[in-house]
Structures are given as C-alpha cells and as structure tokens.
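Visitor: Provided below are the primary sequence and the corresponding predicted coordinates.
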4 protein chains.
Amino acid sequence: MSEPTVQDVADWWATAVSRVEPDVIELRGRPIQELIGTTSFVGVIWLLLRGALPTDGQQRLLEAALVSSVDHGPHAPSIAIARMAVTCGIGLNGAIASGVNTLGDVHGGAGEQCMELLAEVHRRGPDLDAATAAVVAEWRDRVRYLPGFGHRFHRVDPRRDPLLGLVRESVSAGVVDGAYLRAAEAVERNLAAGRTRPVPINVDGLTAVVYGELGFAPPLARGLFVLSRSVGILAHAWEEAGQGRRNKGPMPPSVLPKFLTT
Amino acid sequence: MSEPTVQDVADWWATAVSRVEPDVIELRGRPIQELIGTTSFVGVIWLLLRGALPTDGQQRLLEAALVSSVDHGPHAPSIAIARMAVTCGIGLNGAIASGVNTLGDVHGGAGEQCMELLAEVHRRGPDLDAATAAVVAEWRDRVRYLPGFGHRFHRVDPRRDPLLGLVRESVSAGVVDGAYLRAAEAVERNLAAGRTRPVPINVDGLTAVVYGELGFAPPLARGLFVLSRSVGILAHAWEEAGQGRRNKGPMPPSVLPKFLTT
Amino acid sequence: MSEPTVQDVADWWATAVSRVEPDVIELRGRPIQELIGTTSFVGVIWLLLRGALPTDGQQRLLEAALVSSVDHGPHAPSIAIARMAVTCGIGLNGAIASGVNTLGDVHGGAGEQCMELLAEVHRRGPDLDAATAAVVAEWRDRVRYLPGFGHRFHRVDPRRDPLLGLVRESVSAGVVDGAYLRAAEAVERNLAAGRTRPVPINVDGLTAVVYGELGFAPPLARGLFVLSRSVGILAHAWEEAGQGRRNKGPMPPSVLPKFLTT
Amino acid sequence: MSEPTVQDVADWWATAVSRVEPDVIELRGRPIQELIGTTSFVGVIWLLLRGALPTDGQQRLLEAALVSSVDHGPHAPSIAIARMAVTCGIGLNGAIASGVNTLGDVHGGAGEQCMELLAEVHRRGPDLDAATAAVVAEWRDRVRYLPGFGHRFHRVDPRRDPLLGLVRESVSAGVVDGAYLRAAEAVERNLAAGRTRPVPINVDGLTAVVYGELGFAPPLARGLFVLSRSVGILAHAWEEAGQGRRNKGPMPPSVLPKFLTT
C-alpha cells in the first residue's frame, strides 16, 4: 500500500456544496457577496440543495411549503421538548437540537413516505384510479396509517386548500408538471369513495406533493420539514425562556401530588 | 391547597405563538391559510419571533443576515459532525440535531456576545470612540477574543462589505436607526488604529449589527444563526448521504495506519 | 365524551419504573436507600430494565459486555463528534448527546440486528449448520454486511476470546442456556468454511450473544451499547476539553491550506 | 510554513485514553482482554477518566453515587423528553440523546456548582463555620438557589443518609480525607441554624461530596451524572416504546380539547 498523503485527507472532506479559502466563500460556485442582498433565504436553501437558483415559480412553491409546517402547537412533541429543554439551562442551540432530533419516521417522516406512495401511484398509471386502488390496498397491508392522509385533529387540514391551489396554479403555468398532484388527488378520491367521513390529504401529504413536483428526493421532504419546524421550535423555546421556569416537566407542580399518589 | 384541575395543565402549556384547534391553525393570531402563498418564509420567521409581520425593509435585512451564515465548509465542526452523523444510520433530522447542538458559546455564540458588546458601546456614548476604547479595554481583560471581530481564515470576511452596505442603506432609508452600525464602526476603527493588520468585523459581528438594528434580543442572534446554519448542515449531510460511506470518521481509512502507529 | 380530569394526565405519565413522592424514591418497588451502598451500578441497570435484581452470574456477564464496548478510539464517529462538540462551547452533557445520537442503525445497531439473526438461526434448528446456511444465504440477499461478524480493523477482535470464554463458562454453570452461543458458533463455522480468511464474530456479535443469553430484547442491545459507549465518549470529551482547542474541525489548521486549494 | 503531513492529522487526533490497532485495543494502556471479566463497569469508568484502576474503597463510593442519580420519575424533563422522543420514530440512541442533552446548568449542573461551593468553603477554613457563613452569604448575593441544598419535593432527600453514611465510613477507613464532607456538613449546619425548616443537602450535593472526595474535577460531576441518569432515561424510553403510543405530547388526547379552547 502506498504511503497516505495529506491529499487523502483533503479528498475525504471534499465537497461540491461550498468552497472556503482566505477571503473567499462560494456557495455552489457563487461568491457569497453576490448572494447577500440579492437572493432570498429560500433561494439559497434551493441553491445549496440543488446546485442552482430556483425560478420565481419554483421559489414561490417552496416558500409556501416551508411556511405551512412551521408550527403545530405545544402538544407536538418536538415543540414541547424544546420548551422543556430550554428551562434546563442549555442554550437555544441545544433546545432546538433536542426538538429537531425527534422529527423521526413517525413525527417527521410522513412526507418522505408519502412522496414514495405518490411516486408509486404515478409509476403504475396511466389509469390513476386503478393504480391507486392497487397501491393503497398494498400499503394498507403493510402500514397502519397511510402517510400524508387524514389528521387526528383536523377534519380538513386548513393548509390543504391554499397549498393545493398553489400547486394547481403552478401546473397551469407550466412551473411543474402535475404528476404528484394528480396522484394525490387520486388517493383522496379513493379514500373518500363510499365513506361518510373522507380522509383528506394533510400537511405532510401536501408538502410531499410540492417537494415531489419540485423534483426533490424523498429524504429531503424530511430535511425541509426540519428547516421549517425549526422556526416554530425556536419561537416556542424563546417564549418559554422568557417565562423563567426552571426544569419544566410535562405537568405543573400543582398536579404532581395527584400524580404522585397514583 | 385547592384541588388541581385540568385547566392548570392547559395553563402550563399556554402559548401566544400559535393556536391549534380542529380545522384551525393560527400563527400569532393569523390564520395559516392567509399566510401560505402570500408571506415569505423569512416573513413568517419574523412573525413567530416578533408577533407581527416585518416591513419590506426589515425583511430585506433579515434575509441578508440569514443568507450570510448558511455555510462555512466542512472544516466547521457543525458541518463535519452532521456529515459524519448521517453515515451512522440516523435520519437527516438526527444528523442536523447533532450538528446544530454544537452551535454553543464558542461556535455559535459570538453574535450574541457581540450584540452585548455593541449595546454597551452605545450606552456609554455619545463619544463613541472614547466609549469604545473603554469598553474594548474592559472586554480584553475578561475574554481572549473580542466577539465579532477578526477571523482565523479571512483577512477581510467576504460577507463584510455587502452586509455593511445593506445596513448603511437601511439607515439612510430610515428602516433602522444605526446605533449598532455606528458602534461596530467605532470598534473597527479602534482595532485598526496604529496596526499594520486591522481586525475587521466578521460575519458574527455583521449579523449582530443586523439583528441589533432590527430589535432582536441578543440570544436570538444565536437562534437565528441556528436557522441559517441548519441549511448548510442539511446540504452537507445530504451530499454525504449520497456518497454511501458508512461510519465516516475524521480521517480516511488510508491514514489510519499512520494514526494507529503514533 | 366525559370531561377530562387531572387523573387522565397522571395516567398519561404513569410508569412502573420508579415512584417518587415527598421523601420517597423507589426504583421498581425498592426504596433507593436500600440500593445505595449495597447494589452495584450494573445491578441497578439490570433492575431498571428488567424489574428485579440480577443473580451474580447474570451480573458478571452484563458487566463484561458493558466493559467491552466503552471505546474504539477517536476515529469512531461517535467519539470524534463528542471531541469536536466540546470545543464549541457546550457542556459535557451536550457533547455526549451529540455523540450518542449517532449510534444509529449503522454505528450502533449491529448488535440488535445480530440478535435477530441469531434468534432466527435458533428457531430454524435443531440442525444448526443447515439452519445457518439457509439463514446466512437469505440475509446476504438483503444486506451487504452480516451484522456482528467481521471487522474492518481487526482480523480477530481482541474482545472475542474473553467474552466467548465467559459465555461458555456461564453455560456450563447453568447461568444461561447457550442458544445464542451455539447459533453464533454455527455462523462462525459457516463463515470460515472453505475460506483462507475467516470472518470471526466481532464485538457487536459478542455482545448480542451476551444480551440474548441474558434475555434482553433486541432493541436493548442498542440501548446497552449507548450506556457503554457513553463512558468512552465522556472520557474523550473530557480529555479534549483539557486541551483548550476552540471549534476543532476534522483537520488541523496546518492541513487546511492543502484542503482549501483542492 | 513547512508542508503539512499526515502526521499532523494523526497528532490532531492523538489521545491517551485508548489505543486501537489491528487486533489490539488498549484502554489507558491496558489490553481490553485483561479487563473483560475481571473489572467491573464502574472500575472501567474510573480507569478511562482517571488513568488507573480504583481501589475497592474508591469504587464502592463511585458505585453508590452512580446508583443514586439514575432516575427521578417522568416529571423530570430529561425523562419526559426521552419518553416523548421514542414515540416519534427514532431509535433508543436518539431518545437518550434528546434527554441527556438537557442535563444543562439548571437540570444537571448543580453537582458541579456545589463542588465549587464546597471547595471554596474548604479553602477559606480552617474555621469552617465562619468560612461557610462568609461563602454562603457571597453565593446568595449571586445565585437564587444554593446548589446542592434543599429540594422542591423532598424535605429530606432519601438518598441523603445512606450516601452520607458511606462517605463517613470511607473517611474513617482512610479511603478519602473528608474535606468535602466537613464542608458540606458546615453548610447544612449554617442552613439549619435558627430555622424551623432546615435545608438539608440533596442528591446533587451528596454526589458532589462523593466526587470531590474521590478527586474528580467539578465538570465531571456533570459528566458522571450523565452516565447515571442515562440509565433511567433508557429504562423509561424502553417502557414507553413498549406502550405503542405515537407522537406522545405532554398532555393526553382527552385533555387537548380543554387546552385548545383556552
């Protein structure tokens, strides 16, 4: 074996995302000074993940998807955890990390799974209703909840109509081609047929449609959800920090005696 | 002591950030369906942290600051950690969490500290140069590095000029009042006086100026840095995931024999 | 729906692990004051996970497995990450968390997977060699690496012989019944047959044998590995903290110029 | 500047904790095969942190301290967080990390702070009561809670008497010299003088005494607490995983309607 060199170490950490040299920072080949003040934060998110800047139409869809998932209240475990964590004497970075970490297969993974579901429906087409019937039946054999459809709180997720509307507009305008949209509509039809209570698409399904239409790989549905939900996690952690509690647990001190004698 | 009630539990988790009821999601009192498609991601970041939407001028500054910190290459520990983590069989959520978690006092805290430094200079004014001389001397007694000034790689941080330019424009346009800008310029003058090698403001100092001008509390300099750097962390983790390494350590396998016989 | 009560909240957080009331702490029904000074740390690990105290023979095996995985040097990502994290200005708790978090399916999951492999061989018996041939062939179709066998550094893992010796003694003494041991030996035979370079069992496989013999469920192989590796992570983070580096990256500053011009 | 070499990289990751070469694993210079089966888990914890094995008397004290902090019920944020995290679809490694991460200055830092308090009392001696009066008065000016004394649940922490008894025995037997013990007793006297309700030493104070007597540096009080509490965190996360909830929040679903209409 030939003698290892420093170049081996450099190669081990090589990246196409950014280049940093003395007095130089480039993101995907673009000097950062050309991005600051000209490019939106969401534009740079797209740039780093995709290698080029988005069109206006692409950026508008990505903004909408990122806006839609920022927060779902303190009964969401990611939010509750960050609120508790910040009362334990760690910085906002640590509180956000403890919360973001929990966006796993169950809490943050439905978008990724729904992208796979919709891609499968699309591949089985062109008869989408028949394809959907087959795919839904197969998924139901494997999983308890169909990812991206139905919600434990909402009969109709309030984020459904505005996001669907934007995607439909984007299809009409030729920004995206509509394959994920049509698959999602076919699944909604399937889940409504013959039921008194339909199972409409939820926010995970809607963002899966957006990310799929925009050409993101399924695991990035989770990655982008992390960027979005981090905003709500930060806002809640910061509110909690201002209230001065120490070692906040899930129950208020007044309830503990009841708990303790259980 | 009176009997505890369910209301005590509800109060324990009360929040002004968001309201979630069946078929209703409000962020700071605004129905989410009115935000999706009309409000940018950065506008919603501002909304959740501040309680109202930003003006265009405020949003432009916040976009620029968030863009400026997204990435500093894989030799930054937060980035390297996320790249290693994703090869260990955890999701992007976990890789981001392991990286974000390290944005502590040393890696992610300089912005917060610099905001405090600049606020102190401002309070000691109105003679900013005299105030700066005193404040800098006092800080140097306490800390080894003055937060927000100088850089181990860059003689002049490439993010300096565009960010300073934007803040100066914003002062001229009356968007912000310029107190943090003037304090930062005074510190730069102080650190350049009589030196062959000046110590210009760096990205932490520049974002501290922006966040201070925009009225954010110092700990949010770190919180906003987390949102920004999460983008680079995600992009690097995703690139690494595509390369298929398993259990990536800091050194390539070819170097390990050299290491092992040390 | 009947009105919710505080009791619902108490029930939501009910646990059989511990009971804490004013002046009372019980672990699995045992007052803590009876455990302190009489029971070893490993005895209490067993107590909390299993509900009763171990026998001496059981404890001896668990001690040995926990000792065997504490550290594998700073090229292990979990260790390297903790060393880098502690230089970023977070506490030892945060550095350990960033490291432990990465003990996922690839880095910390082989023990759990190997327990499932060995349990499958055992179920297919009683002809273990035939069962092994079938099971190994099936696993090889699905996975690239057979969990628990072979090592990228070690031809024979130095932890193999002492752990196997202890398990064999424990089988002779009737402490455990030997089903996992026999399955592991059958897999080793299978992987050695007709090869110039055998693929002996590694530390993940060996601890899988111990945890399986002791009756732990497979996911606890990962849980116990976390407890064990946390020790090495702490020791490395503490050593690094004493060296005073700031924002330690994967490469020393002297190598960065080489990296930067790549 | 001379050309960087691979040796620079090796040196950057050099460690005295462990040595790993093909077929060799040494912990602090001891081959791991000599430790497995002969040395307890706590003995190896000591070895990795201190560089040599403990005496029996030292090990007995360390076992007792590690046993005493394993769990304090699901209203402790570290425990509640891990229980919630494991229902979100991440592994036990991730759930433990999210919990351990919160053992910060407020939740896990009291032991470290109490070691500093007691060391200060000791240094001011030899008149311990006078020294204590001065030190307590100074700390009260700076902090709201004196670290290591008093408890929000327990009038007398049930871990107090057995741990104090063990330390007193160890002083009598010459295992440790008693400086931290005498300082702690002096603080307890000070906090009881003239009060109807004394403020006895709590578990953080007691473990601070043990770790101080054993010669650990103050930050390791937190590090060792992490190792100890990880056990309870794992046991709770594992119990929760067996109950099959998904996305567990702080309140049961039955209470949410009450919360939502607040």
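Guide: Happy to help now that I have it. Numbering: from 1, shown residues only, chains lettered A, B, ... in the order given.
Visitor: what residues go with each domain of chain A?
Guide: Per the record's domain assignment (automatic domain parsing), chain A is made up of the domains A:7-54, A:77-241.
Visitor: looking at those domains, which is buried most?
Guide: Per-stretch averages of neighbours, counted by mean count of other C-beta atoms under 10 Å in any protein chain shown, single out domain A:77-241 among the domains of chain A, with a mean of 22. For glycine as for every other residue, the C-beta is placed from the backbone atoms N, C-alpha and C.
Visitor: tell me how far that domain lies from the chain's centre.
Guide: 7 Å (C-alpha atoms, centre = their mean, to the nearest Å).
Visitor: surely A:Thr102 meets D:Ser98?
Guide: Yes. Taking C-beta atoms under 8 Å as the definition, A:Thr102 is a contact partner of D:Ser98 at 6.0 Å.
Visitor: now do the shared contacts for those two.
Guide: In terms of C-beta atoms under 8 Å, 6 or more residues apart in numbering or on different chains, A:Thr102 and D:Ser98 are both contacted by the residues A:Ile81, D:Ala85, D:Ile90.
Visitor: confirm that the first one sits in a strand.
Guide: No. Under the criterion used here (DSSP: H, G, I helix; E, B strand; the rest coil), A:Ile81 is helix, not part of a strand.
Visitor: helices along chain A, start to end?
Guide: A:6-12, A:32-35, A:41-50, A:56-68, A:77-86, A:92-100, A:110-124, A:128-142, A:160-172, A:179-192, A:203-213, A:218-241, A:256-260 (DSSP state H).
Visitor: tell me which residues are up against stretch A:53-65.
Guide: When contacts are taken as C-beta under 8 Å, 6+ apart, the neighbours of stretch A:53-65 outside the stretch itself are A:39-40, A:42-43, A:45-47, A:162-163, A:166-167, A:170, A:173, A:175-176, A:206-207, A:210-211, A:213-214, A:224, A:228, B:36-37, B:40-41.
Visitor: thinking again about what came up before, turn the domains of chain A into TSV, columns for mean pLDDT.
Guide: As requested, the domains of chain A are exported to TSV (pLDDT from 0 to 100):
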stretch	mean pLDDT
domain A:7-54	95
domain A:77-241	94
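Visitor: nearest to C:Trp13, out of the ones you listed?
Guide: Ranking the domains of chain A by distance to C:Trp13, with C-beta to C-beta as the measure, places domain A:77-241 first at 12.6 Å.
Visitor: would you confirm that A:Asn202 contacts A:Arg152?
Guide: No. Counting by C-beta under 8 Å, no contact exists between A:Asn202 and A:Arg152, whose distance comes to 9.5 Å.
Visitor: quick revisit: using JSON lines, lay out the shared contacts of A:Thr102 and D:Ser98 together with distance to C:Ile233.
Guide: Conversion of the shared contacts of A:Thr102 and D:Ser98 to JSON lines gives the following (distance: C-beta to C-beta, whole Å):
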{"residue": "A:Ile81", "distance to C:Ile233": "22"}
{"residue": "D:Ala85", "distance to C:Ile233": "19"}
{"residue": "D:Ile90", "distance to C:Ile233": "18"}
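Visitor: filter those by proximity to chain B?
Guide: When the shared contacts of A:Thr102 and D:Ser98 are checked against chain B using C-beta under 8 Å from any C-beta of the partner chain, the ones in range are D:Ile90.
Visitor: and which of the shared contacts of A:Thr102 and D:Ser98 is nearest chain C?
Guide: The nearest member of the shared contacts of A:Thr102 and D:Ser98 to chain C, counting by C-beta to the nearest C-beta, is D:Ile90 at 8.8 Å.
Visitor: list the residues that contact that closest one.
Guide: The neighbourhood of D:Ile90, defined by C-beta under 8 Å, 6+ apart, consists of A:Asn101, A:Thr102, A:Gly104, A:Asp105, B:Ile90, B:Gly91, B:Asn93, B:Gly94, D:Ser98.
Visitor: quick revisit: distance to C:Gly232 for the helices of chain A - can I get that in CSV?
Guide: Conversion of those to CSV gives the following (distance: least, C-beta to C-beta, whole Å):
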stretch, distance to C:Gly232
helix A:6-12, 23
helix A:32-35, 39
helix A:41-50, 34
helix A:56-68, 39
helix A:77-86, 25
helix A:92-100, 21
helix A:110-124, 33
helix A:128-142, 39
helix A:160-172, 47
helix A:179-192, 46
helix A:203-213, 38
helix A:218-241, 29
helix A:256-260, 37
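Visitor: so which of the ones you listed comes closest to B:Arg140?
Guide: With C-beta to C-beta as the measure, helix A:92-100 is the member of the helices of chain A nearest B:Arg140 (26.2 Å).
Visitor: quick one: that closest one to helix D:92-100, angle?
Guide: 140 degrees (axes from the mean of the first three to the mean of the last three C-alpha atoms, to 10 degrees).
Visitor: wait, does stretch A:162-171 contact chain B?
Guide: Yes. Part of stretch A:162-171 sits near chain B under the criterion C-beta under 8 Å from any C-beta, namely A:Pro162, A:Leu163, A:Gly165, A:Leu166.
Visitor: I'd assumed B:Ile36 was in contact with the last one.
Guide: Read it as A:Leu166. Yes. In terms of C-beta under 8 Å, A:Leu166 counts as a neighbour of B:Ile36; the distance is 7.3 Å.
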